[in-house]
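Novice: Could you work out the structure for the sequence below:
(chains A and B)
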Amino acid sequence: MDDAYSRNLHRASLSYENRKHEKGRGDANEHVRREGKDAAGAICCDCQPCACSGDSGFDISLPERAISTRSVWFQETFAEYTTRTAFERRLLNGVTYAQRVIHADRELFENQQGWTIKSMERKPSPIQDEYAAVIYSQETVSHIESLDMMSGEEYRRNILRARATGKVVLTRPFRLLKSNHLGVVLTFPVYLSDLPVDAIAEERVKATSGYIGGAFDVESLVENLLHQLAGSQEIVMNVYDVTNSCEPLVLYGVHSPDDHMSSLHISMLDFGDPFKKHQMNCRYRNKPPVSLSSITTPTGIFVILMLVGYIGYAAWSHYVNAKEDFQKMEELKRKAEAADVAKSQVSFFGYCIQITMRRYQLIFFLFQQFLAMVSHEIRTPMNGVLGMLNMLLDTELNLTQKDCAQTAQICGRALIAIINEVLDCAKIEEGKLEIEFVPFDLRSVLDDVISLFSVKSREKGIELAVYVSDRVPTILVGDPRRFKQIVTNLIGNSIKFTKRGHIFVQVHLVEDAHILDTKVENGLNGYANEANITSVNAVFNTLSGLEVADSRNTKCLELQLCDGESLLGTLENGSAPECMTNQVNLMVSIEDTGVGIPPCAHDRVFTPFMQADSSTSRNYGGTGIGLSISKCLVELMGGKISFSSKPHVGSTFTFTVVFQRHGKGAGADRERSLLEVLPTCFRGMRVTLVDRQPVRSTITKYHLQRLSMITEDARTINEALYLLSGQYDHSISSHRGKLPSILLIEKDSWDPKVDIHIQNDLLKWKKAISVHDSPKVVLLSTTESDKTRAWPHVDTVIVKPLRASTIATCFQQMLGIGRAQNKDTLNSSSFLHGLLDGKNILIVDDNKVNLRVAAAALKKYGAKVECVESGKSALSLLQPPHKFHACFMDIQMPEMNGFQVTREIRRMESSVASEEAHIEEGPMKVKWRIPILAMTADVIQATYEQCVKCDMDGYVSKPFEEAQLCNAVAKFLVSQPILGS
Amino acid sequence: MTPTEELNSLMNWMFSEGLLDQQFQQLQMLQDASNPDFVSEVITLFCKDSEIILAELTKLLRDQPVVDFQKVDAYVHQLKGSSSSVGANNVKLACIHFRQFYEENNKEGCFSSLNAMEREYFRLKDKLGTMLQLEQRIQAYESSKHN
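Specialist: Presented below is the predicted three-dimensional model:
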C-alpha cells in the first residue's frame, strides 16, 4: 500500500512537471504551458510598450516639469487608483512607484518633492550614485514613501536586475519592512523611451525612468491558495527558495532541518523569474495511512499540485492586471494633465459648459418625468382636499369663511393645473397637444383666473380687474382650459413685475378693436393732444390712473361705453358676415403698470427659459417658461400674441383667439347650466356707485350688471347722496318694503370729512324709514387690511379683485337674503343622486366591462339602468315614445357606431314627432326626444363636433368622473320634468 | 402577516407599480351590500374579455400573412376601454403604446407591443387572482367570526 501510494503521488507530480516543462506535446500541454510557465515571458514582451510611457505624457522622469503640487496630486491619484483596483491584485499587498534619481539631480528633486530621500533605516540617505525614491505608493504601503529603495540590499539587487533585463524580477524571500512578514518583492522597470527587444543592458539602464514595485506576502499568499493543503493532517508541504542550493530558504511551511531531505517528493516551481529557483517539498506528516485514502489522496495531491502550479499563474495574471492598470492610470493621468494645461483650458471650459447644458437638459427632462410620476400622487390627496372644501362650501359660512374656503379650493385646483401645465409643456414640445372644443362661459372662466391671483393682488394693493365686452357671446365653444392657462400665465407674469397700479384684463371682439383703430387714425390729432397733456398731469384715464404702455386698450373700452351706440351701429353693419361664419374672434389684452420690458429683451420674450436679464429670476423668480407656453397655446388656438412695453411704465400683452359660437340648436336650458350659478335675488336692485375713475367704475358696473342690478354712478359722494336722496324721497311713498339700495364707494373717494354728511343723511333717512330699509354703505378696497379696520357707517368692505359671485355673497350676507337660492350649488354626489334617483337610463356599449362599470356607477346614484351591447338592440329599445330618461351611448361599436345609432333614433323621433306634435307639447316633449350622451375615452375636437352634428346632447368621459357626469346630466335633467311623476 | 395586512400591502404594491390606478378604487367604492361581488365580477369579465382579445390579436398578427390593421385597431381599442374601466393602468398604457404601431402599419412594432401587453396583462391577472383569494379568505374569516 505504501508503495502504491507513493507511486501515485510521484506519477501525479510528474505529470504536472511534464506539463510544465515539456513543451509542445499536444494541446493540453500547450495550454498548461502557456498558463504556467510562459505567462511570464508573455508579460515581459508586453512590458516593452509600457516602457515608452515617458513619451505618452507620463513626465515624472523630468524633474524640471514635475512641480511639487502636481506630485502631491499624482500621489492622490495613484493612491486612489491603486486602492480601487486592488481587487485585481489580491496577492500583492501594495504597489509603489520609485523614481530613478541621479545624485546630481537629488537636490532639485528633493526641493520639488519637499522631502529628503531616506534610507531604509529612515535616516536621510547617505550620498549614493543614484537613488530609487518612492514617490507614489498605494495606501497600504505608504510607509515606504520617500525611501530610497536602492538602500535595501534585496531591493537594490532586484532593481539592478530588473532594469538590466527589462523583465519582471523577484527577490529572494526576506522579511518585509514594517509587517515583518516573509515576502517576495517584485520589481518592474519603467523606461523613458521605447526600447528594441534586443536592447543591451547599458541602453536599458540609461533609459530607466523608475520602477514599479510590489510585494507578495508569501505567507498569506500560500495560506490563501493552499488553504486546503495547509489544513491537511496528512501531508506537510514546504516551499523553498533554492536559488542558493546550500541554503534553501523557507517560503512557506514549517522548516525543520531534516525536512528537506526526507521529502517524499520534490517539485520545482517556476514563478517566472529565471534567476530564482523555487521548490516545493511534500512529505507525510505521520506514517502513511493504511486506508481507502490511499486511493483518494493521490487524486487530492494531484489537485494540490495543479493548484500550486496555478499559484504561479495567478500571481502572473495578477501582475498582468497590475500592469494594465498602470497603463490605464497613465492614460488617466495624461487626460487629467491635458485638462490641467493652460493651453487646453479653453476647450476644457467649453467642455464644462457642454456638460452643464446637458445636465440642465437632463434635469429638465428628469423634472418632467418626475412630475409625471408624482402628479398622480399629488392629485389624489388634492382631490380629497378639494372634495372636503366642496362640502365645506355647502354648509352655512360667513363671508370670511366662504372666501377662505373658495380661495383654498381655487388654489388647490390651480396646483393641479400647474402640474398639468408643465406636462403640457412637454406635450407641446412633442407636438402632441390637442385643443378641445367644448362650450364654456368665458366670463366665469376669467373670474376664476382673477380669484387665483386675489391673494397676491391684495398683498400688493394692486387693482386687478376683468372686463368682457357685452358683445362677446355668453357661451363660446373652445378650449377653456387652454384659454385659462394663457390668461393665467400672462397675469402671473404681470403680477410678478407689478408693484403698484393695476392689472387689467379686457376681452373685446377683434372687429371692435379694428374699428377703434380706424377711429384712432381718423382722430389722430385729438388723441395725440390728449397724450401730451396727460403725460404731464400724471393722472391717466386708466384703471388706476397710472400711465400704461398701450393706451389703445383703454380707448377701446372708453369708446364702447361713451360712444357705444354709434360704435355698435358701425359694428353691426361691418360684422354681419362674421356672425354668419359662426366664428368669434376675440382680442384679449392684459395690461399692467409694472417695470416693463427693456427694449433689448423684446425679441427674447417668448423664448423659453429666457428672462429679460439674469437678475430677473433673482428678483422676481420664475422659470421663464410661461410666456413661451402661452405663445404656443395661442398659436394652437389660431391666434397671435404680441406685446408693447415701456420700461418703468408697464407692458400690455395682447392676443387674439378664435372661438366658435355656440350651436344654433342649443336651447336656453343648456346655456343656463353652463353659466356660473349667480343668484338672481338682486334683480332690479339699485346701486349707487361712487368712483372718480370712469374706467374702474365701468368694471364695477360690469359685475353688477351680471347680477342684473341697476347702477347709477356718481363721481363724488355728495353727488351720490344727492341721487340717493332723490331716490329715497321717492321711495318713502312708493317703494316701502322693497329692498334697500346700496351705496358702493371706492376707497379713494372716501373722505373722512364726508363722514359727517353721510351721517346726517343716514340719520335723516333712518328716522324716516326703518333701519332695515336704510341704504347700505359698501366700501371697495384693494388691500386686505382695510377689511379689518373699523369704518364708521360702513356696513361692509369688499376687497378686490371683484367678481360677480363675491359681490353677490357679500350683499346676501349684508342684507340677510338669498341663502335659500344659494343652495343650488353643483358638483356634489348628493346633487347627482337627486338628479338620477329613480331615472330610467339605457347604456349602450359593446364592451361588457365598460357596461358593467358604467351601470354600477349610475346605479350608485339611484338610477334604474338597462344595458344593451349593440346599437341594433339599442334601436329596438329606443322607439318613441321613450321610456328612458336618458341614454349613454358608446361611440366606437362594431356594426353601427354611436353616431349612426343616434342619427337613426333622431330620424325616428322626428317622424313620430311630426305626427304627434299637435297632441303633445311642452313638458312631455322628452317622450319624443331622448337625451343621448356619448361615452368616450378621449374627448377631442372631432368627437365633440360629431356629437353635435348628429344631435347628441353631450358627452361623458369613460370611466365616469363624478363632476363631469354631473355637469353632463344636469344639462338636461335639471330642467326636465320627471316622467310619470 | 394577517390576510388583511397581506391584502393591503399587495394593493399598495399594485398601485405603486401602476398595475392599477384610482379607477380601481372607484370600482371598489361601487361595491356595496346590494352588489357584494361587483369587483370580482368585473375582474372576471375583464379577464375573459382580455384573453379573447389577446388571442385574437395574436391570431391577426401571427397567423395572417397580411395584417388587417383595422381589426387590430378595433381589438386594441376595446381592450383599452375595458382596461381603463377597471383601472388596469399598465394594460391601458400598453394599449396606448400599441396604437402608434398599428397606425403606422408596423407589424414588428405591433408584435412587440402585443408581447408587452400580454406580459402586463398576465402580471396583473396573477396579482388580481391573489387579491381575490385574499379577499375570499378575509370574508370567510369574518363570516365565521360572526356565526
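Novice: Sheet partners, orientation included, of the helix or strand containing residue A:713?
Specialist: Element membership of residue A:713, judged by DSSP states H and E, is strand A:710-714. Using DSSP bridges, strand A:710-714 pairs in its sheet with strand A:686-690 (parallel).
Novice: picking up where we left off before, for the strand holding residue A:713, buried residues please.
Specialist: A:711-714 (16 or more other Cβ atoms under 10 Å in any protein chain shown). Using the backbone N, CA and C atoms, a C-beta is placed for each residue, glycine as well.
Novice: what do you get for stretch A:486-506?
Specialist: The neighbour-count check on stretch A:486-506 (16+ other Cβ under 10 Å) flags A:486-498, A:501-506 as buried.
Novice: how many other residues sit next to the closest residue to chain A within chain B?
Specialist: Closest residue of chain B to chain A, Cβ to the nearest Cβ: residue B:82 (3.6 Å). Neighbour count of residue B:82, defined by other Cβ atoms under 10 Å in any protein chain shown: 28.
Novice: Could you do residue B:31 as well?
Specialist: 16.
Novice: Show the contacting residues for it.
Specialist: By Cβ atoms under 8 Å, 6 or more residues apart in numbering or on different chains, the contact set of residue B:31 is B:37-39.
Novice: near chain A, which residues of chain B show up?
Specialist: For chain B, the contact set with chain A under Cβ under 8 Å from any Cβ of the partner chain comprises B:21-23, B:26-27, B:30, B:35, B:38, B:41-42, B:45-46, B:49, B:74, B:77-78, B:80-82, B:84-87.
Novice: For residue 98, I want the exact helix or strand it lies within.
Specialist: Picked chain A for this. Applying DSSP H and E, one finds residue A:98 within strand A:92-102.
Novice: was after chain B, sorry
Specialist: Per DSSP H and E, residue B:98 falls inside helix B:89-103.
Novice: what's the answer for residue A:934, then?
Specialist: Per DSSP H and E, residue A:934 falls inside strand A:932-936.
Novice: what's that strand packed up against?
Specialist: Here strand A:932-936 touches strand A:886-890, helix A:898-916, helix A:941-949, strand A:954-957, going by 3 or more Cβ pairs under 8 Å, 6 or more residues apart in numbering or on different chains; DSSP states H and E.
Novice: can you tell me which residues contact residue A:489?
Specialist: Contact analysis of residue A:489 by Cβ under 8 Å, 6+ apart lists A:626-627, A:629-630.
Novice: try it again with 10 Å
Specialist: When the contact criterion is Cβ atoms under 10 Å, 6 or more residues apart in numbering or on different chains, the partners of residue A:489 are A:421, A:590, A:625-631, A:633, A:653.
Novice: Please flag which of the residues you listed sit within helices.
Specialist: Among the contacts of residue A:489, the ones falling in helices (DSSP state H) are A:421, A:626-631, A:633.
Novice: from the residues you listed, which has minimum pLDDT?
Specialist: Least confident of those in the model: residue A:421, at 62.
Novice: The nearest residue to residue A:144 once chain neighbours are set aside bridge partners, please.
Specialist: Excluding the flanking residues, the one nearest residue A:144 by Cβ to Cβ, 6 or more residues apart in numbering or on different chains is residue A:134, at 5.3 Å. Beta-bridge partners recorded for residue A:134 (DSSP bridges): residue A:98.
Novice: quick one: is stretch A:880-894 near chain B?
Specialist: Yes: Stretch A:880-894 lies within reach of chain B by Cβ under 10 Å from any Cβ of the partner chain, at A:890, A:892-894.
Novice: May I see those residues organised as JSON lines, with secondary structure, neighbour count and pLDDT added?
Specialist: Output for these, formatted as JSON lines (DSSP: H, G, I helix; E, B strand; the rest coil; neighbours: other Cβ atoms under 10 Å in any protein chain shown; pLDDT from 0 to 100):
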{"residue": "A:890", "secondary structure": "strand", "neighbour count": "26", "pLDDT": "84"}
{"residue": "A:892", "secondary structure": "coil", "neighbour count": "18", "pLDDT": "76"}
{"residue": "A:893", "secondary structure": "coil", "neighbour count": "23", "pLDDT": "79"}
{"residue": "A:894", "secondary structure": "coil", "neighbour count": "10", "pLDDT": "76"}
